[in-house]
Every structure is written in structure tokens, then in C-alpha cells.
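Peer 1: When you get a sec, could you give me coordinates for this:
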Amino acid sequence: MLDTQPARTHRPPRTATLHGLGVLCGIAAGAWLGAAEAPTKLVVTGLSPFTISLCMVAGVFVARWTLPTLLRGTAYVWADLAGKPHLIVWAILAGALWAVANTLTVFAIRNVGLTIAFPLWNTNCLIGILWGSLLFKELHGASAANWVKVICGALAIVIGAIMLGFSSLHAAGGWSPHAVAGILAALGASVMWGTMYVPYRKAYLSGMNPLSFVTAFTVGELVTMFTLAVTLDGGIHAVGVQLAAARHFIFWLFLGGFCWVIGDLFQQYATKYIGIGRGIPLSNTNQLWGLAWGALVFGELAGVDHAHQWLVIGGSLIMIAGALAISTAVASGEEDQAADRALVRECVRYKLDDHKTRLSQQGIESSPNAAGARRWWDWLIIAAAVGLFAWLARGTQIPPIAMNLTWALALSLVSLVVLLAVGWRLWRQTRFF
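Peer 2: Below you'll find the model as predicted:
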């Protein structure tokens, strides 16, 4: 006790500030990850879930190359990747897991709806907490209060998921094949996404910038998604026919993918600064946004009796309360020491510079001028992305599904305010490092 007390009472000011920044990034991630799922409602128009997921991943691919280029420049990204080549494989693996999980969510939404599917796959935070503890020593040496928060928070998430699953089965008329398949798809996505955070944490313990990580990440997700679409959705010709049929809706799916990347970037910064066990549950407040989009914009709770409405709302609130309890378990001095040992282990294993890696954990670049000026091809990449979105927007139609446009606009404006506020804070404090 005498050895660890100073670590608790004299926490470095920057470390405490970074915890607050990580919390804000987690909240911003929730807003944008929630908004990004709304376009998948297009599945009710008859489009294949594989086509919808492929279009979203294509939008993700464009965003994951455009945003890092805009914020830091390709020269910085390539230099960062070249300095840590072992992480490229991990990033590609994470992208592959994301693509499979995203496809499963489309099936889940089709079978049980956005309001129900969202909280079920958000149990991914339980998987993340497990991997964080086993592989990266998160919560090792934690105080009794932190353990209570994490355990109770995890139980609350499970209870909320059971409530929502029960409500979906009754709303769908019992144990119908479609409802069961939807629940299994959502839980499968949870396992995939929970495991995906392992490469995230390895990357940031090794000092890689999130902007560099997502650039390699997108290769894995696009290749995997294209392979799934071609092999499981009738071949290249069938995929081409589906894409042609979806021409008037592709813009919305690209936009959904772009929004997802914004949320995922915030989530990655949250993971970097407060870890898997805290950052992921906090970003899972996207359940509130998913509920808002599903209920207010798409009217998913319309016509549902009061008992099932209370199950959905109560289950959602319990899950969010559990996630917030976990996220407020601020790391103690002993936990910081355990995390430091995990960092040293990564540095020894991959022969990394210990000093630079420690600075990266504090959001400090060892070479402040590393980003440099943008090259002409950087602006070409950005212009190409803008041109592609403009081309897709031509002839775009509002999907033929019932939507409350007033609520859609209101939620979009709030998301934009969150983006600007937290993005400004992140830039001021770390220059997106």
C-alpha cells in the first residue's frame, strides 16, 4: 500500500487530462457509430445484405483514406506504417473481422430491426473487457471499487441484452426462425467486434497513430467484404446486378460508411487513451443513438404494446448504465503500472523505441514536425473523394421507407456539433496523435 499510494495521489496532470479526452472521444464515437447504422435500414427495400454491406465498406474505404490524408498527410501515414510493419498484418486482420461483423449486423437489422439488434451486438464490450484483461493486463491491480463497477456494469449489459432479446422474440411472434437468426447474427457480430479490439490495443501500445492504423485496416475489410459478396451472393455478375439496382441508394450507404469511420476514429482514440475495458463500453452509448434513430426516425416502436416498449427502453437504459459504470472506473496507480508492463513487453517483442512509445501513450509526438506539408497527391485524393460523393449524389432518391425527416435533421445536427466540439479538443490537446 505504501508503494502504490503516491501513484494514486500524484497522477501526472496530462494523464488525468487524457482520461477526460478519452471519455469525450468515447461519447463522440457513440454518436457517430449510432448514426452510421441508420442507412442499413435500406435492407427493407429488397437489397441483398451483402450488397448493402459492400457499399458501406466501399464508403468506409474512401473515408479511411481521405480523413487521414486530410488531417496528417500521406507522407506521415506511410512513415508511421514503415516504422511499425508488424502492425500492418494486425490492422488487416482487424479489418477482416470488421467486415464480417458488419455483414452480420445487416442480417440482424433485417430480421429483428435496428432498435433490437443494436444493443445485442453492443455486448461486444464484454468480449473486449475479457481480451483486455487477459492479453493487456487491464484491471490488474484495480481497486475493489473498480472491480465492482466493471463486474456490475458487465452484468447490467447482459441483463439488458436478455430483456431486449426477449422483447424481440415476442414482438416477432415468438421463436420464429427469422427472430432467432437475427439474434444470433447480432451476437455473432458482437464476438467479431469484441475480438477486433485486440489489434487496436496492440497498435497503440506500440505507438502507432490511429490515423495510420485505419489506413491499413481498410485493406482487410474491403478485400474480405468483396470476397464474401462474390462467394456467398451469387458471383461477380450477381453483385454487379445488385449494385446497378441500388444505384439510387448507394450514396446513402457510402454516407453511412463515412459516418462510421468518423465514429470509429473517435473510438480508436478512446481506446488509445483509456483502454479497451473503458473506451469500448463508453462508445457503446451508440445504443442511445441507435434507439433514437430507430424509434424517432424510422418509427420502429410504433404499434408495439406498452409492455414491449418498456422492455426495449428499460433494457437499453440498463445496458447504458452498465457501460457508463465500466467507463467511470478510472485506472489506479497499480493499473497504470500493469499497463506499463504490457507496453514494455510490446517494445521488447518488436524492438521498439521505449522512450518514443511512452510519449505516444501521452499523446506527445517525439517528432512534432513529422506531418510536414501536404503533397499534391494528398489534395488529389481528397478531391477524388469529394468528386465520387458528388457523382453518387446525382440522381439519389430518398429511400421508399417511412422516415421522420424532422427528427433525422435534428439528430444529424446534434451529431455535427459533437464532431466539431470533440474534434477541436482532440486537435488542441494531441494534434490528432
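
Peer 1: name the element V106 belongs to?
Peer 2: helix 86-112 (DSSP states H and E).

Peer 1: residues contacting E138?
Peer 2: 129, 132, 275-277, 335, 338-339 (C-beta atoms under 8 Å, 6 or more residues apart in numbering). To be clear about C-beta, it is placed using only N, CA and C from the backbone, and glycine gets the same treatment.

Peer 1: And it, how close does it get to A185?
Peer 2: As judged by C-beta to C-beta, to the nearest Å, E138 and A185 stand 28 Å apart.

Peer 1: Could you do E346 as well?
Peer 2: 34 Å.

Peer 1: between these two, who's got more neighbours?
Peer 2: A185 (25 against 21; other C-beta atoms under 10 Å).

Peer 1: what stretches of the stretch 301-433 of the chain score poorly on pLDDT?
Peer 2: 363, 365-373, 399 (pLDDT under 70).

Peer 1: ok, and for stretch 125-136, which residues are buried?
Peer 2: For stretch 125-136, burial by neighbour count (16 or more other C-beta atoms under 10 Å) applies to 125-133, 136.

Peer 1: can you give me the helices for the stretch 251-400 of the chain?
Peer 2: Applying DSSP state H, counting those that start in this stretch to the stretch 251-400 of the chain gives helices spanning 276-283, 286-292, 306-327, 333-350, 354-361, 376-393.

Peer 1: helices and strands around the first one, which ones?
Peer 2: If I follow you right, that is helix 276-283. helix 13-36, helix 124-136, helix 144-171, helix 177-205, helix 250-274, helix 306-327 (3 or more C-beta pairs under 8 Å, 6 or more residues apart in numbering; DSSP states H and E).

Peer 1: could you dump that helix to CSV, C-alpha only?
Peer 2: This file holds the C-alpha atoms of helix 276-283, laid out as CSV (Å, rounded to 0.1, in the frame of the first residue of the first chain):
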residue,chain,number,x,y,z
ILE,A,276,-10.4,-1.4,-24.2
GLY,A,277,-12.2,-2.0,-21.0
ARG,A,278,-13.2,1.6,-20.6
GLY,A,279,-13.2,3.1,-24.1
ILE,A,280,-15.4,0.4,-25.8
PRO,A,281,-18.2,0.4,-23.3
LEU,A,282,-18.3,4.2,-23.4
SER,A,283,-18.5,4.2,-27.2
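
Peer 1: So what touches it?
Peer 2: Contact with helix 276-283 is made by 22-23, 25-27, 29-30, 33, 124-125, 128-129, 131-133, 136, 138-139, 150, 153, 157, 194, 197, 200-201, 263, 266-267, 270-274, 322-324, 326-327, 329, 331, as judged by C-beta under 8 Å, 6+ apart.

Peer 1: and the direction of that helix versus that of helix 306-327, what angle?
Peer 2: For helix 276-283 against helix 306-327, the angle between stretch directions is 140 degrees (axes from the mean of the first three to the mean of the last three C-alpha atoms, to 10 degrees).

Peer 1: and helix 276-283, how far out from the chain's middle?
Peer 2: Taking C-alpha atoms, centre = their mean, to the nearest Å, one finds the center of helix 276-283 at 10 Å from the center of the full chain.

Peer 1: cool, the second one as well?
Peer 2: Its chain's C-alpha centre lies 14 Å from the corresponding centre of helix 286-292 when counted by C-alpha atoms, centre = their mean.

Peer 1: likewise the fifth one?
Peer 2: Helix 354-361 sits 25 Å away from the centroid of its parent chain (C-alpha atoms, centre = their mean).
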